[in-house]
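Asks: What follows is a predicted protein model with its sequence.
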Amino acid sequence: MPDFKTVMPRMPNPPSHPQPAGATDSHSHVFGPYDRYALVNPPNYEPPEAPVERHLQMLDKVGNRYGVLVQPAAYGFDCTLIQDAIAASGGRLRGIGLGGPELTAPRIAELDRAGFRGLRFVDMLDPQGRPYIGAVSAARLIEMAPRLAAVGWHPELWAKIDHHVEVIPKLIPFGMPIVLDHMAGIDVARGTADPAFQQLLRFVADGHVWVKTSLCRQSRDYPHYHDLKPFHDALLAANPERLLWGSDWPYLAMGAASPDVGTLIDRVWDWVPDPAARQRIFVTNPGEIYGF
């Protein structure tokens with residue numbers, strides 16, 4: 001048994017509309033069971049009881065066929081849990097790993113065969129204002145980019161929007177997709193006229209950048225997220241072919257504020273009335289970048 005307290009994740013209700021065939025949740029996590037998959041780094045939150053079986057139940061409940069598992073810093077560079085989850089999923093899951101420059105080309109090729117499609121780089125601070133233990137900064141990405149590009153992988157970045165605007169031009173020459181987590185770290189208080197957000201829209205429009213429209217890390221205005229809709233509208237207008245949807249389940253460190261995945265899917269149906277655009281966001285785009 002783990003020597004820390006764990007929590008049960010919120011399981012969803014079905015959305016109001018049936019998901020299209022082949023729909024994908026492009027951002028979620030698995031944790032445990034801890035007697036088999038021990039944490040590598042001490043977490044700064046109560047870890048959830050979220051093994052692959054529960055994750056697949058979550059996908060089934062809301063009608064999503066596929067899922068993308070993102071390596072949490074608490075598991076460090078040990079990607080065994082995600083690798084085993086992919087193997088047990090019958091082709092339903094892909095992975096985003098974690099690793100620095102010591103991750104060799106043969107190891108990247110091995111993870112690619114196991115179903116991984118990229119690496120995550122984090123330049124955010126934890127709730128106590130400290131760097132996440134075990135995270136890898138995008139500052140390490142430049143030297144790794146040729147290895148990622150050689151195998152068809154992409155970097156996934158979690159940072160604030162100003163950091164993205166600084167880093168993205170350095171990555172574009174490598175010709176890789178660049179995926180940004182959590183609405184690209186926008187600053188809601190600065191509005192859509194914010195020069196950094198306008199630059200992001202240009203990156204999206206040019207096809208260089210993919211944005212995960214995960215809402216709950218940028219706003220607590222659940223369930224409607226009125227403050228995020230203008231940003232979502234602008235991203236959709238810029239290029240629906242570069243948007244991905246992710247739930248962020250099981251909502252680390254959110255506790256009682258954890259949203260319902262079915263309700264988040266309903267927001268997409270509300271905000272994206274065009275069926276062709278919804279098909280892009282839920283099915284075509286993730287199929288292209290993750291290989292479903």
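Replies: Now that the structure is in, tell me what you want to look at. Residues are numbered from 1 along each chain as shown.
Asks: and stretch 45-57, C-alpha only, in PDB?
Replies: Extracted C-alpha coordinates of stretch 45-57, given in PDB (Å, rounded to 0.1, in the frame of the first residue of the first chain):
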ATOM      1  CA  TYR A  45      -1.200  16.500  -4.700                       C
ATOM      2  CA  GLU A  46      -3.200  13.500  -3.500                       C
ATOM      3  CA  PRO A  47      -2.700  11.000  -6.300                       C
ATOM      4  CA  PRO A  48      -5.800   9.500  -7.800                       C
ATOM      5  CA  GLU A  49      -6.800   5.900  -8.000                       C
ATOM      6  CA  ALA A  50      -6.900   6.000 -11.800                       C
ATOM      7  CA  PRO A  51      -5.500   2.700 -13.300                       C
ATOM      8  CA  VAL A  52      -6.000   2.000 -17.000                       C
ATOM      9  CA  GLU A  53      -9.200   0.000 -16.400                       C
ATOM     10  CA  ARG A  54     -10.900   3.000 -14.800                       C
ATOM     11  CA  HIS A  55      -9.500   5.200 -17.600                       C
ATOM     12  CA  LEU A  56     -11.100   3.000 -20.200                       C
ATOM     13  CA  GLN A  57     -14.400   3.100 -18.300                       C
END
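Asks: Could you pull up the mean pLDDT of that stretch?
Replies: Stretch 45-57 carries an average pLDDT of 96.
Asks: Stretch 15-30 too?
Replies: 98.
Asks: Using CSV, write down the CA coordinates of it.
Replies: Extracted as CSV, the C-alpha positions of stretch 15-30 are listed here (Å, rounded to 0.1, in the frame of the first residue of the first chain):
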residue,chain,number,x,y,z
PRO,A,15,-22.7,13.9,-22.7
SER,A,16,-26.0,15.2,-24.1
HIS,A,17,-24.9,14.3,-27.7
PRO,A,18,-23.4,11.0,-28.9
GLN,A,19,-19.7,11.4,-29.8
PRO,A,20,-18.7,10.7,-33.4
ALA,A,21,-17.2,7.3,-34.2
GLY,A,22,-13.5,7.4,-33.4
ALA,A,23,-13.6,10.3,-31.0
THR,A,24,-10.4,10.9,-29.0
ASP,A,25,-9.6,12.4,-25.6
SER,A,26,-6.2,13.8,-26.4
HIS,A,27,-5.1,14.6,-22.8
SER,A,28,-5.6,12.5,-19.7
HIS,A,29,-3.5,10.5,-17.2
VAL,A,30,-3.3,7.1,-15.5
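Asks: where's it relative to the chain centroid, distance-wise?
Replies: 13 Å (Cα atoms, centre = their mean, to the nearest Å).
Asks: Please apply the same query to stretch 159-176.
Replies: 17 Å.
Asks: Could I get the full set of strands for the stretch 1-150 of the chain?
Replies: 24-28, 66-70, 93-97, 116-122 (DSSP state E, counting those that start in this stretch).
Asks: So which of the ones you listed is nearest Ala149?
Replies: Between Ala149 and the strands of the stretch 1-150 of the chain, the shortest gap by Cβ to Cβ is with strand 116-122, which sits at 10.8 Å. Heads up, the C-betas are built off the backbone N, CA and C, glycines and all.
Asks: hmm, who's touching that closest one?
Replies: 68, 70-71, 73, 79, 82-83, 86, 94-99, 103, 132, 135-138, 140-141, 144, 148, 152-159, 179, 181, 289-291 (Cβ atoms under 8 Å, 6 or more residues apart in numbering).
Asks: Find the one among the strands of the stretch 1-150 of the chain with the highest mean neighbour count.
Replies: strand 24-28 (a mean of 27; mean count of other Cβ atoms under 10 Å).
Asks: between it and strand 93-97, how many degrees?
Replies: Counting by axes from the mean of the first three to the mean of the last three Cα atoms, to 10 degrees, strand 24-28 points 30 degrees away from the direction of strand 93-97.
Asks: Show me what strand 24-28 is packed up against.
Replies: Counting contacts by 3 or more Cβ pairs under 8 Å, 6 or more residues apart in numbering; DSSP states H and E, strand 24-28 packs against helix 52-62, strand 66-70, strand 243-244, helix 285-290.
Asks: Please list the outside residues in contact with it.
Replies: 55, 58-59, 62, 64-70, 181, 212, 214, 244-250, 261, 282-283, 286-287, 290, 292.
Asks: Pull out the buried residues from those residues.
Replies: 55, 58-59, 62, 64-70, 181, 212, 214, 244-250, 261, 282-283, 286, 290, 292 (16 or more other Cβ atoms under 10 Å).
Asks: Look up phi and psi at the residue nearest to Ala73 when sequence neighbours are not counted.
Replies: Spatial nearest neighbour of Ala73, excluding adjacent residues (Cβ to Cβ, 6 or more residues apart in numbering): Gly134 at 4.0 Å. Backbone dihedrals for Gly134, given as degrees, to the nearest 10, come out at phi 90, psi -10.
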